[in-house]
Structure formats: C-alpha cells, structure tokens
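K.L.:
could you work out the structure for the sequence below:
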Amino acid sequence: MVRINISLPEDLTEKLQALATESGYLTVESYIEALLRVEAQTEEFGAPSHLSARDRDQLDTLVREGLATPAREMISADWDQMRQQLLDSHQR
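P.N.:
Numbering: from 1, shown residues only. The predicted model follows:
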C-alpha cells in the first residue's frame, strides 16, 4: 500500500469531514479513498460518461431521470443485445 500525505486548508478539511460524516465514513481518509476508488473504476471499466456522476447533485439528477423513464418488459432481443455489448467490451 502506498501512503500519500496531503496538506489541506482548514476550510477544505472541515468541508471534507462534513461530507465524510454525511456519507457514512468515519474518517476523511476513508471518504477520499472511496472517492478515488470510484474514479479509478470509472476509468478502469470504461463507464460511459452518462453513467458516471461527479457529485451528489448530478447523481440525484441522473436518478430522477432514470425514475422518469417508462418501464418496459425486457424481451429476448434486449438480453441478446446486452450480452453482445458485454462481450464486445471485454474483447477490446
């Protein structure tokens, strides 16, 4: 494991502590680690930009958009298309 030390201004430290607590993390360090893991996964797995949220407001907007989309029953062709997209993404 690599250890990184960062000096942050007091106001940013307070904001990060509040965000960490609000998000259910015990420490700022664990909160920042979680943020970095999400960022690394986004890059590593090539998630499309429309599936990546950079902040809570954007995430809320994406969730509301998803909930407003009418539901429909998946048919066999839908599953075949998803399966093919998965295979294509792993062959790259």
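K.L.:
rest of the way, CA atoms for contacts and neighbours
P.N.:
Will do.
K.L.:
for the helix or strand residue 19 falls within, the distance to its chain's centre please.
P.N.:
Take DSSP states H and E as the rule and residue 19 turns out to sit in helix 10-22. Centre-to-centre, helix 10-22 and its host chain are 19 Å apart (C-alpha atoms, centre = their mean, to the nearest Å).
K.L.:
report the inter-axis angle for the helix or strand just after that helix versus helix 10-22.
P.N.:
Downstream of helix 10-22, the first helix or strand assigned by DSSP H and E is helix 28-45. Helix 28-45 and helix 10-22 are oriented at 80 degrees to each other (axes from the mean of the first three to the mean of the last three C-alpha atoms, to 10 degrees).
K.L.:
mind listing what's buried along the following helix or strand past helix 28-45?
P.N.:
For helix 28-45, the following helix or strand on the C-terminal side (DSSP H and E) is helix 56-68. Residues of helix 56-68 classed as buried: residue 62 (neighbour count, 16 or more other C-alpha atoms under 10 Å).
K.L.:
dump the C-alpha coordinates for helix 56-68 into PDB.
P.N.:
Extracted C-alpha coordinates of helix 56-68, given in PDB (Å, rounded to 0.1, in the frame of the first residue of the first chain):
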ATOM      1  CA  ARG A  56     -24.300  14.300  -5.300                       C
ATOM      2  CA  ASP A  57     -26.400  16.800  -7.300                       C
ATOM      3  CA  GLN A  58     -25.500  15.200 -10.600                       C
ATOM      4  CA  LEU A  59     -26.300  11.700  -9.100                       C
ATOM      5  CA  ASP A  60     -29.700  12.900  -7.900                       C
ATOM      6  CA  THR A  61     -30.400  14.300 -11.400                       C
ATOM      7  CA  LEU A  62     -29.500  11.000 -13.000                       C
ATOM      8  CA  VAL A  63     -31.600   9.000 -10.600                       C
ATOM      9  CA  ARG A  64     -34.600  11.300 -11.200                       C
ATOM     10  CA  GLU A  65     -34.100  10.900 -15.000                       C
ATOM     11  CA  GLY A  66     -34.000   7.100 -14.600                       C
ATOM     12  CA  LEU A  67     -37.100   7.000 -12.500                       C
ATOM     13  CA  ALA A  68     -39.000   9.200 -15.000                       C
END
